[in-house]
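Novice: no sequence on this one, just coordinates:
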């Protein structure tokens, strides 16, 4: 098998993110992880919702889908159920996935859908220019919380762990090697993976310096994945920002594996075709 | 500006006593926020979406500065936002909220509930074309998706109208004979981000026009009420639905009276429809929202050339002003209906409503031309509207057959779209 290279995943479209946006790091890490996972562009679908981060599928050469506000997960689930052989990656923002579409995340975790969700978390609504997000901090001043937020931020990782999540990680766009490694592990995982990718918004809420100061890799501190309780403890650090794979289990079958058993093997969009002469010639022409 | 064209699309009475201090320049979004502020709203559940976001940001700022007494709360989605809006209203608050496009559709389920609850909230919709494909600029498929929800609908052409219709909207919605929620619609970008001259009414005069909300079933310990009943009977269900319909029809007269009072206080009086150079017009175009201004410009231009052109603007879409439309259009030689929306497989959504208003008129126009344009904010040009009037004057080529609809897109625009698509697909 020939390994693909980064160029195969290059899109013709240049990102329109602000210079310095954390999402550049996520895009680079995703491409790197796909190459290192031995994936080819036609084996991958990248889907998104609405937001700055959700423009990502346009910037990578795979199958792509730009969905609607909060809906990357059901889009990804639909694709995966119909085409189980595809690696399906949902890329979204905190407004999208932790806000308007968080219910879908809970249920994808519960079902253990074999999709990988990368949430570019910047604790602000960037595309609409700076309103309160579900992960905005207590006291954070935004355009819709000018007195400072009075709502406790959502804790997506413990919530999804509690919902039955089988792969739960956090990483930081300022730590690209780590991010690529986390994504590679998520791709290997059989089931739902939630990656909280801290991806600061340099324009509306720049937390680069703060995150750089406070983040650390739990792996560097000798963390070993064991049980849920240990994961809960590792996630909960009021003084710092822990990154790494907090929890992972391969014990649970993915939803799609179970679905295949029920359906007798054949996936909805994968029909067995006999390759007749005309189809073969067409294919040769198309790929020549 | 062309000769004979008024700067604003409304009747002006000189020297309204309730005017604050001349006029000021503001965007449609700011005018909407001012509407909420002057209405003294108690509660604003909010959720950002382009191009509406500026409205809730402005209100958040005013609340912080102590210039508004209400509470603004950002929710987790438009669905929660509208649900909270309805329930807060039932519990006695005057509620304002705003959204656009996908946000309106996400909350659409709740619109039918809120009207069924008879909760008179005011919802501003800043129109934006619906996905897919994803876009930001306006057409009216979003607000017209809410057409049958039971909300009253008012559509604004100018920033001034945005503000005035919010105040009038509350007054009508909260009237005991109506008690239905209302939508005030303005076009994204064309109005939301465009500054126009707006006269701000004085707060205390507004308070006499629109006193504090007096809910019909407030929370009282001595008289507990429970809302949102189930009626598993077609008979009861029909009863409530007919009651809603009757209340909406009643809103026509309530609006007329309220508008007369508003005119007396603030110098601007609105009707459900507005005629422009209509009196002796033989060829009339029916329009709504911000592109009406372009329509008026074309009519004025044609008048200079001696063409008996006129325009009818739809301001109130629910309840539908059948009689006003019929009165304004009966006896004309030909009428065009400009729909800035598209019901695929049918055509423009408002066209059949205009036909329904005219059908039983003896002197109904023989030629009513359906025109669709401005989708996703596609610019409407003077030349295109001139062509519409030209078609009206030439008459239908195959009368009495159904006229061929006009879909506004020039050949060069069509080619340009195809070129763009070819480039995006990797071709040249």
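Specialist: Sure thing, it's come through. What you are looking at is a predicted structure, and each value in this text was computed from that prediction instead of being measured.
Novice: use CA for all of it now, contacts and neighbours both
Specialist: Fine.
Novice: need the contact list for residue A:212.
Specialist: Applying C-alpha atoms under 8 Å, 6 or more residues apart in numbering or on different chains, we find residue A:212 in contact with residue A:174.
Novice: If we go by neighbour counts, what in the helix or strand harbouring it is buried?
Specialist: Using DSSP states H and E, residue A:212 sits within helix A:208-214. Residues of helix A:208-214 classed as buried: A:208, A:211 (neighbour count, 16 or more other C-alpha atoms under 10 Å in any protein chain shown).
Novice: How much space separates residue B:122 from residue B:300?
Specialist: Per C-alpha to C-alpha, to the nearest Å, residue B:122 is found 35 Å from residue B:300.
Novice: and those two? which has more neighbours close in?
Specialist: It is residue B:122, of residue B:122 and residue B:300, that has more neighbours when counted by other C-alpha atoms under 10 Å in any protein chain shown, with 29 against 24.
Novice: Tell me the pLDDT of that one.
Specialist: We have a pLDDT of 98 for residue B:122.
Novice: so it touches residue B:180, yeah?
Specialist: No: applying C-alpha atoms under 8 Å, one finds residue B:122 not in contact with residue B:180, separated by 9.4 Å.
Novice: and for those two, which residues touch both?
Specialist: Counting by C-alpha under 8 Å, 6+ apart, the residues touching both residue B:122 and residue B:180 are residue B:173.
Novice: how many neighbours does residue B:68 have?
Specialist: Per other C-alpha under 10 Å, the neighbour tally for residue B:68 reads 20.
Novice: quick one: secondary structure of it?
Specialist: Under DSSP: H, G, I helix; E, B strand; the rest coil, the three-state class of residue B:68 is coil.
Novice: Just the helices from the stretch 51-200 of chain A, written as ranges.
Specialist: With DSSP state H, counting those that start in this stretch as the criterion, the stretch 51-200 of chain A has helices at A:72-82, A:94, A:102-111, A:156-162, A:176-188.
Novice: Residues contacting the second one, please?
Specialist: Taking C-alpha under 8 Å, 6+ apart as the criterion, the residues outside helix A:94 that touch it are A:119-125, A:133-135.
Novice: most neighbours, which of those?
Specialist: residue A:121 (31 neighbours).
Novice: what sits against that residue?
Specialist: When contacts are counted by C-alpha under 8 Å, 6+ apart, residue A:121 touches A:93-94, A:135, A:196-200.
Novice: who's it bridged to?
Specialist: Beta bridges link residue A:121 to residue A:198 when assigned by DSSP bridges.
Novice: distance of it from chain B?
Specialist: For residue A:121, the distance to chain B equals 16 Å [C-alpha to the nearest C-alpha, to the nearest Å].
Novice: Columns pLDDT on top of the contacts of residue A:121, output as CSV?
Specialist: Below are the contacts of residue A:121 laid out as CSV (pLDDT from 0 to 100):
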residue, pLDDT
A:93, 96
A:94, 96
A:135, 97
A:196, 98
A:197, 98
A:198, 98
A:199, 98
A:200, 97
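Novice: from the residues you listed, which would you call buried?
Specialist: For the contacts of residue A:121, buried by 16+ other C-alpha under 10 Å: A:93-94, A:135, A:196-200.
Novice: interface residues of chain B facing chain A?
Specialist: B:48-50, B:53, B:56-57, B:60-61, B:64, B:74, B:76-77, B:102, B:131 (C-alpha under 8 Å from any C-alpha of the partner chain).
Novice: Now for those: which two are most distant?
Specialist: Greatest spatial distance among the residues of chain B next to chain A (C-alpha to C-alpha): B:64 and B:131, at 34.6 Å.
Novice: Can you pick out the residue with more neighbours from those two?
Specialist: Using other C-alpha under 10 Å as the criterion, residue B:64 and residue B:131 rank with residue B:64 on top: 17 against 14.
Novice: ok, the more buried one - contacts?
Specialist: Here residue B:64 is in contact with A:146-147 (C-alpha under 8 Å, 6+ apart).
Novice: Tell me the pLDDT of it.
Specialist: 94.
Novice: from the contacts of residue A:121, which single one is nearest residue A:35?
Specialist: Comparing the contacts of residue A:121 against residue A:35 with C-alpha to C-alpha places residue A:197 closest, at 19.2 Å.
Novice: Walk me through the domains of chain B.
Specialist: Segmentation of chain B into domains, based on automatic domain parsing, reads B:11-214+B:227-269, B:274-415.
Novice: Return the most buried member of the ones you listed.
Specialist: Of those, the one with the most neighbours on average (mean count of other C-alpha atoms under 10 Å in any protein chain shown) is domain B:11-214+B:227-269, at a mean of 21.
Novice: Can you give the distance of that one from its chain's centre?
Specialist: On the basis of C-alpha atoms, centre = their mean, to the nearest Å, domain B:11-214+B:227-269 is displaced by 10 Å from the centre of the chain it belongs to.
Novice: Could you give the secondary structure assignment for the closest residue to residue A:65 other than its chain neighbours?
Specialist: Spatial nearest neighbour of residue A:65, chain neighbours left out: residue A:47 (4.5 Å); criterion: C-alpha to C-alpha, 6 or more residues apart in numbering or on different chains. Of the three states, residue A:47 takes strand under three-state DSSP.
Novice: Can you report how many residues neighbour residue A:47?
Specialist: Residue A:47: 29 neighbours (other C-alpha under 10 Å).
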